[in-house]
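Trainee: coordinates only, sequence not included:
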């Protein structure tokens, strides 16, 4: 029996393999585009979303293969958002996780197209789940959750408000909206898609949705705190880059101590909600604690 | 009985209504993002792809509603490509169809996100077809055709090669690849999706695929020719913008006369292929002729 740390390492390695298995070969006329897409998605990262998705899937009884395409799709779409976020017209970041960002490496036009390519590849990949399931209705439901979570009422909506108000003070309500959508939407969708494909019922899905919202918020506030207190080398990006860009964050709005309390409270609430599903959430609860108490 | 011109007007107006019916209301926190998305897609255009899709659907016996979401999705994704194409890092165009391009109107960051939003909304919209059909398998097949036609092996692949070789001479093979993918992929997919949802069999789909490739190519070469000979006011964009950007086109590679002959031959081949399906293609054949002999 693996302990939780070992299980996390195993799940992360498995997610890594699954993601790679759905990447196109860097050949043919579009090899340069594919190279930029693959560079972006293999540049590291915790694979947090696919790991959480797979665990939610197993937790509600899933034992098939149709989760794989969705795990890869989620990471592709998450990477799409990072590639476009880093563009000169957006955050203008040259490094991420200690590596050159896509536009720094391949140029701006190539990065725009690589981001587009990853978003589209996410859907192309998720659609492969139909070939691996006996329950097309669950896959349809999961696809709808995915599309909603990415679009104007999800991640892109949050991102658009964040970008529009760049450098301006934001009130608590606006900041809450940005966090819920920009970070929370894909994390919630990861858990929800796993739960839907695994066979959770509507009451359980409602708990999972709420838990996802709480842990997504906790995760983003922890990110804010780390941006102020973290160690540059450990994070692989300049510390304090948010405040350098004059962004208003929870940490700057509420202060470090209050922000820390919020993270603790949100994490506890997320765990309670998961437990209320009645499924065995011991690993996810451990992971929530780990992620929101991390120092890098 | 409508004549073909009247029928085209009716189908275009109908496509316009269908597209509008799937656009999000410009309200809520993401109103600015939605406004930029809606601005882009309501800025005009022939609605050629949805019109061709619907006609292919009817031609093979389709009589349901599930074609509507796909018609709107195709136009959203086509518009996504125009919005990103026009960006400063790409073609840097300030006007399209006589109106300011999205980035000229809303800024670069907003245009990147609006393009992303339209691509995603395309999938979110197409997924609604599952609620309107009794045959989920056809919708799954249509979704796969859509995703393939947009991605690295379709439109985005062609676009990436076009951008990478901007200002450089291209050989015939490369130019052929760019045209087949950048323009041809979505036009072919429009016909194919209509045919799949309408109930065409595999042999018919194969003919439709080939016809789409021919007419997509003819359409793009006609565009090249018009770029040299067209009237600026009529086109709504600067004439000769391609040669100004030192792009190599079929018209510049083969000359106007030979290009014109190619358009005529490709159009004739496309019509023969459609006729070989055995379905009544009189309107689509008329439309092919009209589109490839147009002067604007």
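Mentor: Looks like it arrived, so ask away. Remember, predicted model here, so these are calculated numbers, not experimental data. Numbers count the residues shown, from 1 in each chain, chains lettered A, B, ... in the order given.
Trainee: drop to CA atoms for contacts and neighbour counts, all remaining ones
Mentor: Noted.
Trainee: who in the stretch 151-296 of chain A is up against chain B?
Mentor: A:151-153, A:156-158, A:160-161, A:163-164, A:177 (Cα under 8 Å from any Cα of the partner chain).
Trainee: Please pick the buried ones from these.
Mentor: A:151-153, A:156-158, A:160-161, A:163, A:177 (16 or more other Cα atoms under 10 Å in any protein chain shown).
Trainee: Now secondary structure and pLDDT too, for these, in JSON lines please.
Mentor: As requested, those are exported to JSON lines (DSSP: H, G, I helix; E, B strand; the rest coil; pLDDT from 0 to 100):
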{"residue": "A:151", "secondary structure": "coil", "pLDDT": "98"}
{"residue": "A:152", "secondary structure": "coil", "pLDDT": "98"}
{"residue": "A:153", "secondary structure": "coil", "pLDDT": "98"}
{"residue": "A:156", "secondary structure": "helix", "pLDDT": "98"}
{"residue": "A:157", "secondary structure": "helix", "pLDDT": "98"}
{"residue": "A:158", "secondary structure": "helix", "pLDDT": "97"}
{"residue": "A:160", "secondary structure": "helix", "pLDDT": "97"}
{"residue": "A:161", "secondary structure": "helix", "pLDDT": "97"}
{"residue": "A:163", "secondary structure": "helix", "pLDDT": "94"}
{"residue": "A:177", "secondary structure": "helix", "pLDDT": "96"}
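Trainee: ok, so of these, who is nearest residue B:185?
Mentor: residue A:151 (23.9 Å; Cα to Cα).
Trainee: For that closest one, give me its contacts.
Mentor: If a contact means Cα atoms under 8 Å, 6 or more residues apart in numbering or on different chains, then residue A:151 has A:157, B:117, B:120-121 as its contacts.
Trainee: where does the stretch 1-150 of chain A dip in pLDDT?
Mentor: A:1 (pLDDT under 70).
Trainee: where do the strands sit along it?
Mentor: A:95-96, A:99-100 (DSSP state E, counting those that start in this stretch).
Trainee: Distance to residue B:285 for the contacts of residue A:151 - can I get that in JSON lines?
Mentor: Formatted as JSON lines, the contacts of residue A:151 follow (distance: Cα to Cα, whole Å):
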{"residue": "A:157", "distance to residue B:285": "42"}
{"residue": "B:117", "distance to residue B:285": "34"}
{"residue": "B:120", "distance to residue B:285": "32"}
{"residue": "B:121", "distance to residue B:285": "31"}
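Trainee: Using ChimeraX, define a selection of the buried residues within those.
Mentor: Listed next is the ChimeraX selection for buried residues among the contacts of residue A:151, using 16+ other Cα under 10 Å:
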select /A:157 /B:117,120,121
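Trainee: And the helix or strand hosting residue A:205, what does it pack against?
Mentor: Here residue A:205 sits within helix A:202-229, counting by DSSP states H and E. Secondary-structure packing of helix A:202-229 (3 or more Cα pairs under 8 Å, 6 or more residues apart in numbering or on different chains; DSSP states H and E): helix A:185-198, helix A:250-254, helix A:256-275, helix A:282-292.
Trainee: Mean neighbour count, those helices: which tops it?
Mentor: The highest average neighbour count among the helices and strands packed on helix A:202-229, using mean count of other Cα atoms under 10 Å in any protein chain shown, belongs to helix A:185-198 at a mean of 28.
Trainee: just checking, what packs against that one?
Mentor: Using 3+ Cα pairs under 8 Å, 6+ apart: helix A:185-198 touches helix A:48-59, helix A:67-85, helix A:136-150, helix A:202-229.
Trainee: For the stretch 151-296 of chain A, give me the ranges with low pLDDT.
Mentor: Those would be A:231-247, A:296, if you go by pLDDT under 70 across the stretch 151-296 of chain A.
Trainee: at 90 what do you get?
Mentor: Within the stretch 151-296 of chain A, the segments meeting pLDDT under 90 span A:166-171, A:224, A:226-255, A:293-296.
Trainee: Can you name the residue of it nearest to chain B?
Mentor: Going by Cα to the nearest Cα, chain B is nearest to residue A:157 of the stretch 151-296 of chain A, at 5.1 Å.
Trainee: How about the contacts made by that residue?
Mentor: Taking Cα under 8 Å, 6+ apart, one finds A:151, A:178, A:181-182, B:29-30, B:33 in contact with residue A:157.
Trainee: Return the member of these nearest to residue A:9.
Mentor: Checking the contacts of residue A:157 one by one against residue A:9 (Cα to Cα), the nearest turns out to be residue A:182, at 26.5 Å.
Trainee: what about that closest one, how many residues close to it?
Mentor: 27 (other Cα atoms under 10 Å in any protein chain shown).
Trainee: sec struct for it, please.
Mentor: helix (DSSP: H, G, I helix; E, B strand; the rest coil).
Trainee: what residues are up against it?
Mentor: By Cα under 8 Å, 6+ apart, the contact set of residue A:182 is A:154-159.
Trainee: rewinding a little: quick check on the contacts of residue A:157: which are buried?
Mentor: A:151, A:178, A:181-182, B:29-30, B:33.
Trainee: okay but residue A:121 is in contact with residue A:75, surely?
Mentor: No. Judged on Cα atoms under 8 Å, residue A:121 makes no contact with residue A:75 at a distance of 10.4 Å.
Trainee: picking that back up, can I get the contacts of residue A:157 in TSV with distance to residue B:85?
Mentor: Below are the contacts of residue A:157 laid out as TSV (distance: Cα to Cα, whole Å):
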residue	distance to residue B:85
A:151	20
A:178	28
A:181	27
A:182	25
B:29	27
B:30	23
B:33	18
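Trainee: Residue B:137: which of these is nearest?
Mentor: The closest of the contacts of residue A:157, once distances to residue B:137 are taken by Cα to Cα, is residue A:151, at 25.1 Å.
Trainee: So residue A:2 versus chain B, what's the distance?
Mentor: Between residue A:2 and chain B the computed distance is 39 Å (Cα to the nearest Cα, to the nearest Å).
Trainee: For that residue, grab the count of nearby residues.
Mentor: Applying other Cα under 10 Å, I find that residue A:2 has 8 neighbouring residues.
Trainee: show me what contacts residue A:204?
Mentor: A:276-277.
Trainee: my bad, should have said residue A:58
Mentor: Contact analysis of residue A:58 by Cα under 8 Å, 6+ apart lists A:194, A:198.
Trainee: ok, residue A:173 - how many residues close by?
Mentor: 8.
Trainee: Same question for it, what's its three-state structure.
Mentor: helix.
Trainee: Distance check, it against residue A:158.
Mentor: 12 Å (Cα to Cα, to the nearest Å).
Trainee: can you pull the buried residues of the helix holding residue A:205?
Mentor: A:204-205, A:207-228.
Trainee: now, among the contacts of residue A:151, which is nearest to residue A:193?
Mentor: Out of those, the member with the shortest distance to residue A:193 (by Cα to Cα) is residue B:120, at 17.3 Å.
Trainee: Perfect, I'm done here.
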